[in-house]
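S.K.: Structure, please.
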Amino acid sequence: MTTETQKETLGFQTEVKQLLHLMIHSLYSNKEIFLRELVSNAADAADKLRFEAITRPELLEGGGDLRIRVQFDKDARTITIDDNGIGMSRDEAVAHLGTIAKSGTADFLKHLTGDQKKDSHLIGQFGVGFYSAFIVADQVDVYSRRAGLPAEEGVHWSSRGEGEFEVATIDKPERGTRIVLHLKEGEEGFADGWRLRGIVKKYSDHIGLPIELPKEHYGEDKGKPAQPEWETVNRASALWTRPRNQISDEEYQEFYKHVSHDADNPLAWSHNKVEGKLEYTSLLFVPPRAPFDLYHRDAAKGLKLYVQRVFIMDQADQFLPLYLRFIKGVVDSSDLSLNVSREILQSGPIIDSMKSALTKRSLDMLEKLAKDKPEDYAKFWKTFGQVLKEGPSEDYGNREKIAGLLRFASTHGADGEQNVALADYLGRLKEGQDKIYYLTGESHAQVKDSPHLEVFRKKGIEVLLLTDRIDEWLMSYLTEFDGKSFVDIARGDLDLGKLDSEEDKQAQEQAAKAKEGLVERIKTALGQDVSEVRVSHRLTDSPAILAIGAQDMGLQMRQILEASGQKVPESKPVFEFNPTHPLIEKLDAEQDDSRFGDLTRVLFDQAALAAGDSLKDPAGYVRRLNKLLLELSA
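M.R.: Below you'll find the model as predicted:
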C-alpha cells in the first residue's frame, strides 16, 4: 500500500461546489461523455509532455511511447484511466482540481438552461470536463506525478464531491496521471469491456496516440481482464494526416467535438494538404454555436498548432484574422521549427503565407456552405454574422469575397429576416439601376416604415435594411460590390440617375423653383439647427424628413460613439420637405410668423423621431403640439 504523507483536507472553490452538486444529482442525460472528457484530458497531457520534451528530453524519463489505458473491475465497481503524459505536481493538483478559472465555472453555470440534453453540451466547452467524472462516480481518486519530479513527490487527490477534497504526497515511480472512478450504485454497467470499447470508438477514435484496454478472455473468466495483455482500440493516428477519402463524415464530426469540446456536429469542414514551397496540413471547422466569450477581447482563440505532428500550441491565433476567430481546427506544419515560440509566430513570410491561404480556405468553406446548404448557412449567419461583418475593415484583400457572404434584410425579403445576399440583390436590379441602395437604423420596425423609402416603394426599387449596430461602420469600408457602388438613401441629395424619367426631373426642378420662398422661410424658422433646407425628391406620403450630410456621421455611429464616451463631431441635418403634401401647402399659406415657426418646429421634430433620433427639446415639442391641437379644436 502506498505510504501517504503531508495529508490535508481542503475546500473546493464555491463555484465548483455548485457544479459538483449538479453532476452528483445526475442533471445530465448523456452520461457516457465522462469517458470522452477524461480521455481527451489525458491526450492533452501527452501533447504537453511532447512539447516540453523538445527542449527538455529528460522529462521522457527513458519512456517516449505515450499511451492512455482504460481499465475496469466489475467486482470493485471501478474504472481507471491511466496516462503517461506530463502529470501534475501537488500544487498543480490543488490548483487544477480544486478551483476553476473565472472563464470556466461561472459562465458554465450562467449558461445552464435546465434542459438535460442542452446542458450536457456545455461540459468541456467551459473547461469543466474533469468534473464530469462525478456523473457516474461517487468518489474519484487521482494519482499523479509531474514529469521531471522525483518518485517521492507524487500526489494523491481524492474527493467524494461533497464540498472538500483530500490531498497527500505519495511515492509514484511512473510519471503521468491515474484516475480511479468508484462507480455509483446503478452505474456499474460502465465497468464492462464492450461498453467501454464502444464509447472509445465513438468519441476518441481520432486521438493520435494509442488508447488501450485489457484483452478479454471468455469462458470461466468471462469479462475479467487479463492483466498484462493490452490491445489498442482506436486508430491511434492523427486524423488530419490520413487521406480524405479514408475518413468518414462521422470521424470528422467526432474530431471536431474533440478539438472544440462541443457536443454537436460542425456545420462544415475543410481538410487540405499543401505541398510545394510550403508544406502543411489544415483541418478547419465551422461550429454550430458561438462560444460564450466570442465578443471578449482577451478570449482564447485560434487553431491547434502542430509541427511535424508534435503539439506546439493550443490557441495559435496568428493563422486567421480576428473576424474568423470562430473557426476551429488544426494546422500541422513541416516548415516551422519544433521549438517555435509565440513570439516567432507573430510575423514572417511563412506565417503570412499560411495565414493568407487559411483565410481563403475558410472563406471558400463558407461559400460552399452557403451554396450547398443554405439552411445551415442561415444558422451560421444568425450566430456569427456580426463577427463576419468585421471582415471588410480588417481584410481589404478579401473584401469582395466577404461581401458576397454577407446577408441583409431588404424591402423585397421576408420581414426582418437577414437572408438577402448581394448577388440576389444584383439579380433583381431595375433597368437602368447602377447602385445598391441601403438604409441604416436602430431596428427593423423603425426602418421598414421610414419616409426615406417612399420613392423607392413607388418605383419598386429594392433597398437593403441595415439594423445591426455595426452596420454603418461596416458600410464605411464596403463601398462597392461587383462594380456597383453602395448608396445610403438617407445621406446627401438623392440622385436616382436613369431611374428617374425626364418628366420626373423636370417636375423636381419646377417644384424647387416654385418653393424657393418657402425654403427661405423655413431656413429662418429653423436657424442653426439645420445645415440646409430643400425640396425633397424622396417623399410621396410624408411631409418632411431629415437627411444626413454627404460627409457627416450617421445616427447609428453617433450613438455608438456617444455610448462609449467619445466626442462626436458636430453636424447638422438637412431638412427636406414634400411640396405636394397638404401640411406643407398649409405651412406655405400660413401668414402668422409665430404660428409658422411652431408648425415648422413640429414638422422638424417629427422628422427627427421618424429617423430614430431623440428630441433635443421634448417639452417644447409637446407644448407646440398641444397648442396646435387646441387651435384646431377651438
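S.K.: What's the local residue count around Ser443?
M.R.: 11 (other CB atoms under 10 Å). (Each C-beta comes from the backbone N, C-alpha and C, glycine too.)
S.K.: so who does it touch?
M.R.: Neighbouring residues of Ser443 by CB atoms under 8 Å, 6 or more residues apart in numbering: 467, 612.
S.K.: do you know how far it is from Ser410?
M.R.: Remark: distance between Ser443 and Ser410 (CB to CB, to the nearest Å) = 15 Å.
S.K.: Nearest residue to Phe380 in space, please, no chain neighbours.
M.R.: Distances taken as CB to CB, 6 or more residues apart in numbering put Leu267 closest to Phe380, at 5.6 Å, once the chain neighbours are dropped.
S.K.: what about the one you found, how many neighbours?
M.R.: Neighbours around Leu267, by other CB under 10 Å: 21.
S.K.: Could you tell me which residues make contact with it?
M.R.: Per CB under 8 Å, 6+ apart, neighbours of Leu267: 286-288, 369, 373, 376-377, 379-380.
S.K.: Toward the C-terminus, what is the element adjacent to the helix or strand bottoming out on mean pLDDT in the chain?
M.R.: Least confident helix or strand of the chain, by mean pLDDT, DSSP states H and E, is helix 116-120 with a mean of 52. Toward the C-terminal end, the helix or strand that comes next after helix 116-120 (DSSP states H and E) is strand 137-145.
S.K.: got the contact list for that next one?
M.R.: So strand 137-145 is contacted by 2, 24, 34, 79, 87-89, 93, 97, 133-134, 151, 153-161, 170, 172, 174-184, 187 (CB under 8 Å, 6+ apart).
S.K.: please redo it, this time with the cut-off set to 7 Å
M.R.: Residues outside strand 137-145 that contact it (CB atoms under 7 Å, 6 or more residues apart in numbering): 87-88, 93, 97, 133-134, 151, 153-160, 170, 172, 175, 177-184.
S.K.: Now the next helix or strand after it: buried residues?
M.R.: Next in sequence after strand 137-145, counting helices and strands by DSSP H and E, comes strand 154-159. Residues 154-159 are the ones in strand 154-159 that count as buried (16 or more other CB atoms under 10 Å).
S.K.: same thing with stretch 66-83?
M.R.: 66-72, 74, 77-83.
S.K.: Sort out which one of those lies nearest Val310 for me.
M.R.: Leu66 (11.2 Å; CB to CB).
S.K.: Filter the contacts of Leu267 down to just the ones in helices.
M.R.: 369, 376-377, 379-380 (DSSP state H).
S.K.: quick revisit: list buried residues within the contacts of strand 137-145.
M.R.: Among the contacts of strand 137-145, those scoring as buried are 87-88, 93, 97, 133-134, 154-160, 170, 172, 175, 177-184 (criterion: 16+ other CB under 10 Å).
S.K.: re the thing from before, so what's the residue nearest to Phe380 scoring on pLDDT?
M.R.: We have a pLDDT of 96 for Leu267.
S.K.: And it, how far from Glu275?
M.R.: Applying CB to CB to Leu267 and Glu275 gives a distance of 28 Å.
S.K.: quick one on the thing from earlier: who wins for most neighbours among the contacts of Leu267?
M.R.: Busiest of the contacts of Leu267 [other CB under 10 Å] is Val286, holding 25 neighbours.
S.K.: Give me the distance between that one and Phe384.
M.R.: 8 Å.
S.K.: Could you do Ala236 as well?
M.R.: According to CB to CB, Ala236 and Phe384 sit 34 Å apart.
S.K.: These two: which is more packed in?
M.R.: Applying other CB under 10 Å to Ala236 and Phe384 shows that Phe384 carries more neighbours, namely 22 against 16.
S.K.: what's near enough to touch the more buried one?
M.R.: Phe384 touches 290, 326, counting by CB under 7 Å, 6+ apart.
S.K.: Dump the helix or strand containing it to PDB, keeping only the CA atoms.
M.R.: Here Phe384 sits within helix 374-388, counting by DSSP H and E. The C-alpha coordinates for helix 374-388 follow below in PDB (Å, rounded to 0.1, in the frame of the first residue of the first chain):
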ATOM      1  CA  PRO A 374     -28.500  27.400 -47.400                       C
ATOM      2  CA  GLU A 375     -30.400  26.400 -44.300                       C
ATOM      3  CA  ASP A 376     -27.200  25.600 -42.400                       C
ATOM      4  CA  TYR A 377     -25.700  28.800 -43.700                       C
ATOM      5  CA  ALA A 378     -28.700  30.700 -42.300                       C
ATOM      6  CA  LYS A 379     -27.900  29.200 -38.900                       C
ATOM      7  CA  PHE A 380     -24.300  30.200 -39.300                       C
ATOM      8  CA  TRP A 381     -25.300  33.700 -40.200                       C
ATOM      9  CA  LYS A 382     -27.600  34.200 -37.200                       C
ATOM     10  CA  THR A 383     -24.800  33.000 -34.900                       C
ATOM     11  CA  PHE A 384     -21.700  34.600 -36.500                       C
ATOM     12  CA  GLY A 385     -23.000  37.200 -39.000                       C
ATOM     13  CA  GLN A 386     -22.000  40.200 -36.900                       C
ATOM     14  CA  VAL A 387     -18.500  38.800 -36.400                       C
ATOM     15  CA  LEU A 388     -18.100  38.300 -40.200                       C
END
